[in-house]
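Trainee: okay, sequence plus prediction incoming.
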Amino acid sequence: MADMPNDFWSGWIILVTLISFIGLAWLVISVYTATAPDPDEVEETIWDENLKEGMNPAPFWWFWLIFTMMVFSVFYLMLYPGMGSFKGAFQWSQGGRLEERLDDFNDEFSERRAEIAAMPLAEIQADSALMNSAADLFVQNCSACHGYEAQGQANLFPNLRDDIWQWGGSPENIEQTLRAGRNGVMTSWDALLGQEGIANVADYVLLLGAAETEGHPGQAQFNQVCAACHTQQGTGNILLGAPDLTDDDWLYGGDLPSIRETIREGRLGYMPSFSEKLDDMQIRLLVAWLTEP
């Protein structure tokens, strides 16, 4: 409540609060202090044979209860946030309370977290409690894209449980991926290759690593537009995030129509950075979980 975006909304909340409070006070006081009407001037009304107006007025202790709650509300608004941007005499806020709790947490566990962040991966992997925590971290931060079992999904997000890593599967490379994120860019070659060229290159890519490709009509065009990233042999380059085209692992589909679509339309893969969201210990746990034998 103390962090209003501008003075208008702060003033608006103060106005609404005051009007509501004054309206409630007026209603309560008017009910309990109103002068009873002259019985001779009021037509008697009876409901359900024996229920008459005014025969069971609200008990007066209700008035004192409501009055006490209103007095309490006044003191509350003086001590705590509730009137727009006014922070109250105690200067209390949920954000401040959260920061205090976080500081307490860091004071109590920072040494242990630093120890875990420096532990060898094999030692972490041998600790079932730490690995359970790592699995929870993966579910919370990674499973939306890669699936709960890290098997990848939707022909968009790679399987993290195999030995094929586009930017390298060493612990150092995986940590770099988590910290910095990745941007995979496969540009569209439709304008340069044309329909026939795309068909030739796609057919050539399917033969890489499986058959003799020398003299293939798509070889020259592949060397011209693809080899700079994927190498002339098609084995890829982890420094550029260019995948190996000679294996059977295809993120966007390895059949001829899918390869043609990739060449024609291009592909954009984005892996966000988690350096601001996860600390050193959490990243270390994820690396251990992802490289578990």
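Mentor: Cool, the structure landed. What you see is a predicted model, and the numbers here were worked out from it, not measured in a lab.
Trainee: C-alpha from now on. contacts and neighbour counts both.
Mentor: Noted.
Trainee: what's the burial count for residue 10?
Mentor: By other C-alpha atoms under 10 Å, the residues close to residue 10 number 19.
Trainee: excluding covalently adjacent residues, which one is nearest to it?
Mentor: The shortest distance from residue 10 to any non-neighbouring residue, by C-alpha to C-alpha, 6 or more residues apart in numbering, is to residue 84 (4.0 Å).
Trainee: okay, the one you found: pLDDT?
Mentor: For residue 84, the pLDDT comes out at 79.
Trainee: roughly how far does it sit from residue 188?
Mentor: Distance of residue 84 to residue 188, given as C-alpha to C-alpha, to the nearest Å: 53 Å.
Trainee: okay, the two: which has more neighbours?
Mentor: Just comparing residue 84 and residue 188: by other C-alpha under 10 Å the higher neighbour count belongs to residue 84, 22 against 15.
Trainee: that one reaches residue 13, doesn't it?
Mentor: Yes. If you go by C-alpha atoms under 8 Å, residue 84 and residue 13 touch, sitting 5.3 Å apart.
Trainee: how near is residue 249 to residue 138?
Mentor: 23 Å.
Trainee: and stretch 143-159, how far out from the chain's middle?
Mentor: Centroid displacement of stretch 143-159 relative to its chain, using C-alpha atoms, centre = their mean, to the nearest Å, is 16 Å.
Trainee: go through that stretch and flag the buried ones.
Mentor: For stretch 143-159, the neighbour count (16 or more other C-alpha atoms under 10 Å) marks 143, 145-147, 150, 152, 156-159 as buried.
Trainee: now, which of the residues you listed lie within helices?
Mentor: The helices in this structure, assigned by DSSP state H, contain 143, 145-146 from these.
Trainee: tabulate these (a markdown table), appending distance to residue 285 and pLDDT.
Mentor: Converted to a markdown table, those look like this (distance: C-alpha to C-alpha, whole Å; pLDDT from 0 to 100):
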| residue | distance to residue 285 | pLDDT |
| --- | --- | --- |
| 143 | 15 | 94 |
| 145 | 19 | 93 |
| 146 | 17 | 94 |
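Trainee: and which of the buried residues of stretch 143-159 is nearest residue 272?
Mentor: Closest approach between those and residue 272, by C-alpha to C-alpha: residue 145, at 11.1 Å.
Trainee: what residues are up against that closest one?
Mentor: 152-153, 157 (C-alpha atoms under 8 Å, 6 or more residues apart in numbering).
Trainee: quick one: the strands in this protein?
Mentor: Taking DSSP state E as the criterion, the chain contains strands spanning 46-47, 51-52, 182-186, 267-271.
Trainee: nearest to residue 239, out of the ones you listed?
Mentor: From these, taking C-alpha to C-alpha, the stretch that ends up closest is strand 182-186, at 11.1 Å.
Trainee: residue 143 against residue 150, yeah?
Mentor: Yes. Residue 143 lies in contact with residue 150 (C-alpha under 8 Å); the separation is 6.7 Å.
Trainee: for residue 249 and residue 138, indicate the residue with more neighbours.
Mentor: Taking other C-alpha under 10 Å, residue 249 and residue 138 do not tie; residue 138 has more neighbours (23 against 15).
Trainee: quick check: nearest residue in space to that one, chain neighbours excluded?
Mentor: Once flanking residues are discounted, residue 138 sits nearest to residue 286: 6.7 Å by C-alpha to C-alpha, 6+ apart.
Trainee: how about residue 207?
Mentor: residue 213 is the one closest to residue 207 (C-alpha to C-alpha, 6+ apart), at 6.7 Å.
Trainee: and the one you found, its phi and psi?
Mentor: phi -120, psi 0 (degrees, to the nearest 10).
Trainee: what residues are up against it?
Mentor: 204, 207, 219.
Trainee: domain-wise, how is the chain divided?
Mentor: Annotated domains of the chain cover 7-95, 118-181+274-290, 183-271 [automatic domain parsing].
Trainee: rebuild those domains as JSON lines, extending it with distance to residue 110.
Mentor: Output for the domains of the chain, formatted as JSON lines (distance: least, C-alpha to C-alpha, whole Å):
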{"stretch": "domain 7-95", "distance to residue 110": "21"}
{"stretch": "domain 118-181+274-290", "distance to residue 110": "10"}
{"stretch": "domain 183-271", "distance to residue 110": "28"}
